[in-house]
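Colleague: Sequence and predicted structure below; questions after.
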Amino acid sequence: MSSYLNTFVLPSNETREVDPHKDTPKEAYDLNFMFPVKELRTDKVLVCPLIPSLHAQLYFDGTREGDVEATFQSLRWGPFSSVSQVYTLLEEYRRDASSVMFAIYDLTRGPEPEFAGVLGFMRADRRTLSLEIGHVVTLSKFRRTHVLSHACGLAIAYCLSAPPEGLGLRRVQWTASPRNVSSQKAAIRMGFKYEGIVRGFYDLPNGKKGNDDQALNSVEKRSRREGLWKMQSLWSEGVERKDRGIASDCWLASITTGDWEYGDTKSVVERQMIRET
């Protein structure tokens, strides 16, 4: 029998530090992202790289207000029971060079910027020049305001504008649980074009509302009803995750360079940001 060399070792997901980067100052924190990162701003919103020592406590405190369960019902993470869980999640993102997190500040409510939520770039790929805008969480007091439109508009423009103003990417995508209608509507408002349903894309913990029959295709629904479903999860963590949920479908939309440079998407984004002023 022939033998083949394959030296891949599954990377550890362990976070050994207690509250990693809790005390790391802004200038010493390594974003570890494959594309350039900078602050983005309108006269109403600032989007800046998220620094755990500056923003983790703000994120934790902000998501404890309002309907906490609703904030995280379709997301893989949260609700957080301690700020340590926020530090651990942020370190998980930092170690992945295809992801980077941003803090969103509202500039309209007083002399000092006010922390309003977070936004992330995920699944970045230098070969395909693409990424996904995700981990979008607007704190309860800033929902239905200009904050989400301005923050997403800045992110979209930065991704698709030609260098040096932007990254010059070919594609930006947005995913959501099939039942997360508010996220889907937000994407469509910002010019994303619906592409379809990607089957079995999400792995959501048990108990999440995004992990129910409305988020599953017919094969998975039938398997679960008949008690046949087995979660195959050995590759992502090295051990079987008995407490994790089954794979859920996702709603997918995108904006491409063609939409941005030659279509109407740029004007859609600009109009939305003006309307939310």
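Modeller: That came in fine, so what should we check first? Numbers count the residues shown, from 1 in each chain.
Colleague: Let me see the ranges of the helices in the stretch 51-200 of the chain.
Modeller: Using DSSP state H, counting those that start in this stretch, the helices found in the stretch 51-200 of the chain span residues 52-63, 68-72, 83-95, 146-160, 181-189.
Colleague: Please produce a markdown table containing those helices, extended by distance to residue 111.
Modeller: Placement of C-beta: from N, CA and C, glycine included. Shown next, in a markdown table, are these (distance: least, C-beta to C-beta, whole Å):
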| stretch | distance to residue 111 |
| --- | --- |
| helix 52-63 | 18 |
| helix 68-72 | 28 |
| helix 83-95 | 27 |
| helix 146-160 | 18 |
| helix 181-189 | 29 |
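Colleague: Quick check: which of the ones you listed is buried the most?
Modeller: Highest mean neighbour count of the helices of the stretch 51-200 of the chain: helix 146-160, a mean of 24 (counted as mean count of other C-beta atoms under 10 Å).
Colleague: and the angle from that helix to helix 181-189?
Modeller: Comparing the axes of helix 146-160 and helix 181-189 via axes from the mean of the first three to the mean of the last three C-alpha atoms, to 10 degrees yields an angle of 50 degrees.
Colleague: so residue 56 makes contact with residue 87?
Modeller: Yes: Residue 56 lies in contact with residue 87 (C-beta atoms under 8 Å); the separation is 5.4 Å.
Colleague: and for these two, which residues touch both?
Modeller: residue 22 (C-beta atoms under 8 Å, 6 or more residues apart in numbering).
Colleague: Now do the strands in the stretch 101-250 of the chain.
Modeller: Using DSSP state E, counting those that start in this stretch, the strands of the stretch 101-250 of the chain run over residues 114-125, 130-138, 171-176, 193-205, 244-256.
Colleague: Looking at the ones you listed, which is nearest to residue 151?
Modeller: Nearest to residue 151, of all the strands of the stretch 101-250 of the chain, is strand 114-125, at 5.6 Å by C-beta to C-beta.
Colleague: Not counting its neighbours along the chain, what's nearest residue 135?
Modeller: Using C-beta to C-beta, 6 or more residues apart in numbering and skipping the chain neighbours, the partner closest in space to residue 135 is residue 120 (3.6 Å).
Colleague: beta partners for that neighbour?
Modeller: Here residue 120 sits in beta bridges with residue 101, residue 134, as judged by DSSP bridges.
Colleague: any weak-confidence spans in the protein?
Modeller: By pLDDT under 70, the low-scoring segments of the chain are 13-17, 204-247, 276-277.
Colleague: So which of the helices of the stretch 51-200 of the chain is nearest residue 172?
Modeller: helix 146-160 (4.7 Å).
Colleague: Alpha carbons of the closest one, in CSV - could you do that?
Modeller: What follows is helix 146-160, C-alpha atoms only, in CSV (Å, rounded to 0.1, in the frame of the first residue of the first chain):
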residue,chain,number,x,y,z
HIS,A,146,-28.9,55.6,11.7
VAL,A,147,-26.2,53.4,13.4
LEU,A,148,-26.6,50.1,11.5
SER,A,149,-27.0,51.8,8.1
HIS,A,150,-24.0,54.0,8.5
ALA,A,151,-21.8,51.3,9.9
CYS,A,152,-22.7,48.7,7.2
GLY,A,153,-22.4,51.4,4.5
LEU,A,154,-18.9,52.3,5.6
ALA,A,155,-17.9,48.6,5.7
ILE,A,156,-19.4,47.9,2.3
ALA,A,157,-17.7,50.9,0.7
TYR,A,158,-14.3,50.1,2.3
CYS,A,159,-14.5,46.5,1.0
LEU,A,160,-15.5,47.3,-2.6
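Colleague: what angle do it and strand 114-125 make?
Modeller: Using the same axes, to 10 degrees: helix 146-160 against strand 114-125 is 30 degrees.
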